[in-house]
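Asks: sequence and predicted model, in that order:
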Amino acid sequence: MFQGMEYVYAVYQEKSFSRAAEKLFISQPSLSANVKRVEQQVGYPIFDRSTKPLTLTECGRQYIRAVEKIRQAQSEFADFVSDWGGLRTGSLTLGGSSLFSSWILPPLMADFARRYPGIDVELVEETTGHLARMLQTGEVDLLLDNCELDSEIFDRCVFRRERLLLAVPRRLSVNQQLEAFQIPVEQIRDGSFLKPELPEVPLSAFREEPFILLKPENDTWKRALAIFQRNNLRPKVLFQVDQQMTSYNITSSGMGLSFIGDTLISCVPPHPDVVYYKLKGENSVRDIFFYWKRGRYLSRAMEEFLREMRKGQ
């Protein structure tokens, strides 16, 4: 009853027979016939065709869970076979949000690809929540992120330590009173802003200013909230967005303040209309991790990528 599961899984992912048919490069009638054949083998419908978008029946949900276990087993076996080939063939799928996918992962991938040209390295850019689900189902091998994922589900290793700073539009008049606290981009990039003699800005100075925050599922939001509470500050929130890159771009446009990691500031081209300030407290410091699913077989490609990453630190 799992012969033809790839057709069912494609329809499940796309929630549409027509889009799934395009993805599989077959006609829609042929796809429908293949899915119907699987449903006949199962004995019950897998999809509720009365809903838009297409949804799973109760039996269909159990079928998809079983398919994902099979797909994971197939992936792990393929990784094992790749090991025997001395990394001459195989694949490695990395995941990251827009910041990590745009600026951090590409040079790491390029170094790895030069060393192991036979390994097919792929990059998936998504939100953290979506990537965590893909990591759990085996669609992504390694995830780079600064959030805290469930340690009972995922293993991890530290990639680097990150410090949050406050990014402020230069046009705001509050900057004129705080020149002694402003940090040049050069000091952020070389890490010298961490010297204890460089003072942290008093957050109370920004009590009347608008903030751009990330959404509650994001680690940066949680840390920002703790920083506000510590400083007895109730922020004026202008926007809540999904990605740190988005909040930085909004700040660069002059609309509000945002909490930005020194990782981003060190990577992206400096913006002349943004001023940076050092923040006080443990909530401004966090680690960036590579995550993988706990208990899964670590392929040689995964092990070598992590080893190269540690060596480059």
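Replies: Yep, that arrived. Residues are numbered from 1 along each chain as shown.
Asks: from here on, just use CA atoms for contacts and neighbour counts.
Replies: Noted.
Asks: list the buried ones in the helix or strand hosting Phe305?
Replies: Using DSSP states H and E, Phe305 sits in helix 300-311. Applying a neighbour-count criterion of 16 or more other Cα atoms under 10 Å, one finds 300-302, 305-306, 309 buried in helix 300-311.
Asks: so what's the residue nearest to Asp141 when sequence neighbours are not counted bridging to?
Replies: Distances taken as Cα to Cα, 6 or more residues apart in numbering place Thr93 nearest to Asp141, at 5.2 Å, with adjacent residues excluded. Judged by DSSP bridges, the bridge partners of Thr93 are Glu122.
Asks: Thr93 is in contact with Gly138, isn't it?
Replies: No: Thr93 is not in contact with Gly138 according to Cα atoms under 8 Å; the separation is 9.4 Å.
Asks: in terms of secondary structure, what does the top helix by length along the chain contact?
Replies: Scanning the chain for the helix with the most residues, using DSSP state H, yields helix 58-84. Under the contact definition 3 or more Cα pairs under 8 Å, 6 or more residues apart in numbering; DSSP states H and E, helix 58-84 sits against helix 5-14, strand 90-96, helix 128-137, helix 300-311.
Asks: Arg37: which of the ones you listed is closest?
Replies: helix 5-14 (10.3 Å; Cα to Cα).
Asks: give me the residues contacting that closest one.
Replies: 17, 19-20, 23-24, 31, 34-35, 38, 54-56, 64, 67 (Cα atoms under 8 Å, 6 or more residues apart in numbering).
Asks: just the buried ones from the residues you listed?
Replies: 17, 20, 31, 34-35, 38, 54-56, 64, 67.
Asks: looking at the residues you listed, spot the one nearest Leu264.
Replies: Ala20 (36.7 Å).
Asks: element containing that closest one?
Replies: Per DSSP H and E: helix 17-24 holds Ala20.
Asks: go through the following helix or strand past that helix and flag the buried ones.
Replies: Remark: after helix 17-24, the chain's next helix or strand is helix 28-42, criterion DSSP H and E. By 16+ other Cα under 10 Å, the buried positions in helix 28-42 come out as 28, 31-32, 34-36, 38-39.
Asks: any idea which element the nearest residue to Leu213 once chain neighbours are set aside lies in?
Replies: Leaving out its chain neighbours, the residue that sits closest to Leu213 by Cα to Cα, 6+ apart is Gln240, at 4.8 Å. Element membership of Gln240 [criterion: DSSP H and E] is strand 236-241.
Asks: residues in contact with that strand: which ones?
Replies: 208-215, 247, 256.
Asks: low-confidence stretches in the stretch 101-250 of the chain?
Replies: Under the criterion pLDDT under 70, no range of the stretch 101-250 of the chain is flagged.
Asks: and the strands in it?
Replies: According to DSSP state E, counting those that start in this stretch, the stretch 101-250 of the chain carries its strands in the segments 119-125, 142-145, 154-169, 182-183, 210-214, 236-241.
Asks: buried residues, the third one. List them.
Replies: Same thing as strand 154-169. In strand 154-169, counting by 16+ other Cα under 10 Å, buried: 154-156, 159, 162-169.
Asks: make JSON lines out of those residues and add distance to Leu194.
Replies: What follows is those, written out as JSON lines (distance: Cα to Cα, whole Å):
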{"residue": "Phe154", "distance to Leu194": "31"}
{"residue": "Asp155", "distance to Leu194": "29"}
{"residue": "Arg156", "distance to Leu194": "26"}
{"residue": "Phe159", "distance to Leu194": "19"}
{"residue": "Glu162", "distance to Leu194": "11"}
{"residue": "Arg163", "distance to Leu194": "9"}
{"residue": "Leu164", "distance to Leu194": "11"}
{"residue": "Leu165", "distance to Leu194": "11"}
{"residue": "Leu166", "distance to Leu194": "14"}
{"residue": "Ala167", "distance to Leu194": "16"}
{"residue": "Val168", "distance to Leu194": "19"}
{"residue": "Pro169", "distance to Leu194": "22"}
